[in-house]
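**Q** Quick one: sequence plus predicted model below, questions after.
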Amino acid sequence: MSQDDFQALYERLREGAWGGARGALDAITPERIRAAAAEVRSGRTVSLAAPVETEPGPDNPQPAGHRLTSPPEDQAASHGLHFATDHFGMNVHGDADSHLDALCHVVYDGTLYGGVPAATVTPAGATVLSVEIASEGIVGRGVLLDIPRLRGVPWLEPGDHVTYDDLVAAESAQQVRVGEGDLLFVRVGHRRRRIETGPWEAAATRAGLHPTAMNFLAERRVAVLGSDSNNDTAPSSTDGVAFPVHVLGIHALGIHLLDYLQFEDLVPVCEEEDRWSFLCVVAPLRLPAATGSPVNPIAIL
């Protein structure tokens, strides 16, 4: 995709954006949340997050750090009351751990979503558009579109794209339709490939959405986009723009992105229940001024 074609797509999507101060989350109205609650039938719950990793790997050179801070060995063996405590820290926007991207995460041509100046992101944190926008949680109707299932393969190979036509065909094959205010989850099989073949340098090569697939999200007025990959393909399909889906999704449309989720637990449940929509609850940490958060989305069927 040429830079000119990308810029034309970016301008068109931005002009048609439907969100306000909270971005596309404005499409999740109380009425839609109540309707999403009706998706609960069996009461089964499934995590869409991968376990946090503390060991380095080719796709995780800066793994999360976790250490026990107490009790010391001699204290643990002694009588009386003691507490086990620990310390945790992580690089939120890595290529292994599940996380949410806030609207302040993407700077493009000197601005954030809605034309907010990039200078509002300071060394002390983001003064606007931070993850605090989602502090009350994101609750709505989730829809999983399984592209490897559609194509009859275990996963999409790194570098492959999910197209607009793939999303429409997956809807038809799964007998589900993505609607306004939905949380759209797109499976490319990244996690299954990682489990079966081992981790690789995902920053350099991975499957994801083609930029033109964002037309689908704009037409349906999707509130959130999540994937078991980074959402963006690598290498990028767009000249001069390394993360076109992030630019189009976050910066142009105001859509919060969820990167590196896992759907290997959800797929068999959807198959058993013969449905691909569910109530979904996303609860990012309350991290004032942060550009993102680790997250554990829960699907409730």
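**A** Structure received.

**Q** tell me the mean pLDDT over the biggest strand by length in the chain?
**A** Among all segments of the chain classified by DSSP state E, the strand with the greatest residue count is strand 138-146. With pLDDT averaged residue by residue, strand 138-146 scores 98.

**Q** strand partners of it, parallel vs antiparallel please.
**A** Applying DSSP bridges, strand 138-146 is found paired with strand 183-187 (parallel), strand 277-282 (antiparallel).

**Q** most packed of the ones you listed?
**A** Per residue and on average, the most neighbours among the strands paired with strand 138-146 fall to strand 183-187, with a mean of 27 (mean count of other C-beta atoms under 10 Å). (Glycine included, C-beta is placed from N, CA and C.)

**Q** Can you tell me what sits against it?
**A** Strand 183-187 is contacted by residues 48, 138, 140-149, 162, 167, 178, 209, 217, 220, 222-228, 231, 258, 261, 263, 267, 280, 282 when judged by C-beta atoms under 8 Å, 6 or more residues apart in numbering.

**Q** Buried members of these into ChimeraX, please.
**A** Selecting just the buried residues from those in ChimeraX takes one command, with 16 or more other C-beta atoms under 10 Å as the test:
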select :48,138,140,141,142,143,144,145,146,147,148,149,162,167,178,209,217,220,222,223,224,225,226,227,228,231,258,261,263,267,280,282
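
**Q** quick revisit: show me the one of the strands paired with strand 138-146 that comes nearest residue 69.
**A** Closest to residue 69 of those, according to C-beta to C-beta: strand 277-282, at 29.0 Å.

**Q** Which element is encountered next along the chain beyond that closest one?
**A** Moving toward the C-terminus from strand 277-282, the first helix or strand encountered (DSSP states H and E) is strand 292-294.

**Q** List the strands paired with whichever helix or strand comes after that next one, with their directions.
**A** Heading C-terminal from strand 292-294, the first helix or strand you meet, by DSSP H and E, is strand 298-300. Neighbouring strands of strand 298-300 in its sheet, by DSSP bridges, are strand 45-47 (antiparallel), strand 277-282 (antiparallel).

**Q** So which of those is nearest residue 197?
**A** Counting by C-beta to C-beta, residue 197 lies closest to strand 45-47 out of the strands paired with strand 298-300; the figure is 22.8 Å.

**Q** State the paired neighbours of the next helix or strand after that closest one in the sheet, together with their directions.
**A** Past strand 45-47, heading to the C-terminal end, the next element that is a helix or strand (DSSP H and E) is strand 65-70. Taking DSSP bridges as the criterion, strand 65-70 sits next to strand 85-89 (antiparallel) in its sheet.

**Q** Output the partner strand in CSV, but only the C-alpha positions, please.
**A** Once side chains and other backbone atoms are set aside, the C-alpha atoms of strand 85-89 remain, and they are given as CSV (Å, rounded to 0.1, in the frame of the first residue of the first chain):
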residue,chain,number,x,y,z
THR,A,85,4.3,-10.4,49.4
ASP,A,86,5.6,-9.8,45.9
HIS,A,87,6.6,-7.1,43.4
PHE,A,88,5.6,-7.0,39.7
GLY,A,89,6.6,-4.8,36.8
